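Participant: Sequence and predicted structure below; questions after.
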Amino acid sequence: MTLHYQLDGPEGAPVVVLSNSLGTTLSLWEPQLAALTARFRVLRYDTHGHGQTAKKGKVTLSQLAGDLLTLLDSLDIKKAHFCGISMGGLTGLWLARFAPERLLSVTIANSAAKIGEPAGWLDRARSVREEGMATVAAGAAQRWFSEAFRHRSPQLIEPLIDQLARSDAEGYAACCEALAEADLRHEIKAIALPLLVLAGEQDPVTTVADGEFLQQQVAGSQLTIVPASHLSNVEAPQAFNDALIAFLLNQEARHAG
Ligand SMILES: O=C(O)CC1=CCC(=O)O1
C-alpha cells in the first residue's frame, strides 16, 4: 500500500504525523499547519481509500496502522509524534499498543477505543456502495460540527462536505468495515507512551465519556476538553493547537532533559 503524503516544516525538526478521520483527507489538517510547522516537521497522509490513496482489498485497523509504519520506513523516520482524529485516533491507539517503539508520543482527538456499533458501520458501508455518497454527505455537517459553528462558519464546512460527496464510496465503505471490527477496549491499558486525549465537549460521535474512558485506562495520560463537536481541529483550532503544541513541547523538553 502506497500512501499519498505531504511533508511540511523544517527538515531535521522532530516529526509529527497527522492521521485523518473517515471521509476526510490530509487537507483536514490545514488549521494546524502554520502553528505546527513553526517547530515541527509535519507528515500528513491520506488514509487508505481516501483522497489520493487508493483502496486495495479488505481494510482492517491493523492494516491502517501498518500502512503508516511502511510510510515511516520508506521516509527513514525511526520515531515520530502521532496525532490522529476519530478513525485516525484509533490508528494511533493501535500503534501505541502494538508498535510503541516507533512513537514518541500519541495525541488521540475525538476518538474512542471502539467507535459506534458494528451494525451501524456495516449498514453505512452497504448504503454508500448501493446509493453512493450523497446521503452520508448530507448528514455529515451535523455529525461533525456544532449547530453554532454550522451557522457561524459555512465557508469552512462546505469544502469538507463537497470533498466527502465526491469521495470514493468503496474506499469509504472499506474503512467503515474496518471500524466495525475495531475494538481496543481491552488493549489500551497496556499503553505506556505519553498520551494526550482531546475530546469535543459537544461531540455526539465520540463523546467526552469516551475520552474519559481512554484517560482512565492509560496510566499517566491527560485529557483536555475542547469547545467543539467532532472535527474539533476545524471547529476550535486555537484550543486544539494550544493543547497539542503544549503537550508536544513538553514531550520534547522531557526527551532533551
Ligand atoms: O460518522 C462520521 O462521519 C464521524 C466519524 C466516525 C469515525 C470517523 O473517523 O469519523
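Facilitator: The structure has been received and is ready for your questions.
Participant: Where do the helices of the stretch 51-200 of the chain begin and end?
Facilitator: Shown for the stretch 51-200 of the chain, the helices assigned by DSSP state H, counting those that start in this stretch span residues 61-74, 87-98, 118-131, 134-144, 147-152, 154-165, 169-181.
Participant: Out of the ones you listed, the one nearest residue 104 is which?
Facilitator: With CB to CB as the measure, helix 87-98 is the member of those nearest residue 104 (10.9 Å). Yep, even glycine has a C-beta here, placed from its N, CA and C like the rest.
Participant: Number of residues surrounding residue 241?
Facilitator: Here the count is done by other CB atoms under 10 Å, and residue 241 has 17 residues near it.
Participant: mind checking the backbone torsions on it?
Facilitator: Main-chain torsions, residue 241, degrees, to the nearest 10: phi -70, psi -40.
Participant: ok, it to the ligand distance?
Facilitator: Between residue 241 and the ligand the distance is 20 Å, computed by CB to the nearest ligand atom, to the nearest Å.
Participant: Residue 255 now?
Facilitator: When distance is defined by CB to the nearest ligand atom, residue 255 is 30 Å away from the ligand.
Participant: re the thing from before, burial-wise, tell me which of the helices of the stretch 51-200 of the chain comes out on top.
Facilitator: Among the helices of the stretch 51-200 of the chain, the stretch with the highest mean neighbour count (mean count of other CB atoms under 10 Å) is helix 87-98, at a mean of 26.
Participant: Could you list the residues in contact with that helix?
Facilitator: Outside helix 87-98, the residues within contact range by CB atoms under 8 Å, 6 or more residues apart in numbering are 18-22, 47, 61-62, 64-65, 68-69, 82-84, 102-103, 106-113, 115, 175, 178-179, 182, 184, 187-188, 190-191, 193, 195, 206, 214.
Participant: Could you turn the buried ones of the residues you listed into a PyMOL selection?
Facilitator: Only the buried members of the contacts of helix 87-98 enter the following PyMOL selection, criterion being 16 or more other CB atoms under 10 Å:
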select buried, resi 18+19+20+21+22+47+61+62+64+65+68+82+83+84+102+103+106+107+108+109+110+111+112+113+115+175+178+179+182+184+188+191+193+195+206+214
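Participant: picking that back up, tell me which of the helices of the stretch 51-200 of the chain lies nearest to residue 222.
Facilitator: With CB to CB as the criterion, residue 222 lies closest to helix 87-98 of the helices of the stretch 51-200 of the chain, at 14.1 Å.
Participant: How far does the closest one sit from its chain's centre?
Facilitator: In this view, helix 87-98 has its centroid 9 Å away from the chain centroid, taken as CA atoms, centre = their mean, to the nearest Å.
Participant: need the contact list for residue 164.
Facilitator: Contacts for residue 164 were tallied using CB under 8 Å, 6+ apart; they are 23, 24, 133, 136, 137, 140.
Participant: filter those residues down to the ones near the ligand?
Facilitator: Judged by CB under 6 Å from any ligand atom, the overlap between the contacts of residue 164 and the neighbourhood of the ligand comprises 23, 140.
Participant: Could you export the contacts of residue 164 as a markdown table, including pLDDT?
Facilitator: Supplementary listing: these in a markdown table, determined by pLDDT from 0 to 100:
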| residue | pLDDT |
| --- | --- |
| 23 | 98 |
| 24 | 98 |
| 133 | 98 |
| 136 | 98 |
| 137 | 98 |
| 140 | 98 |
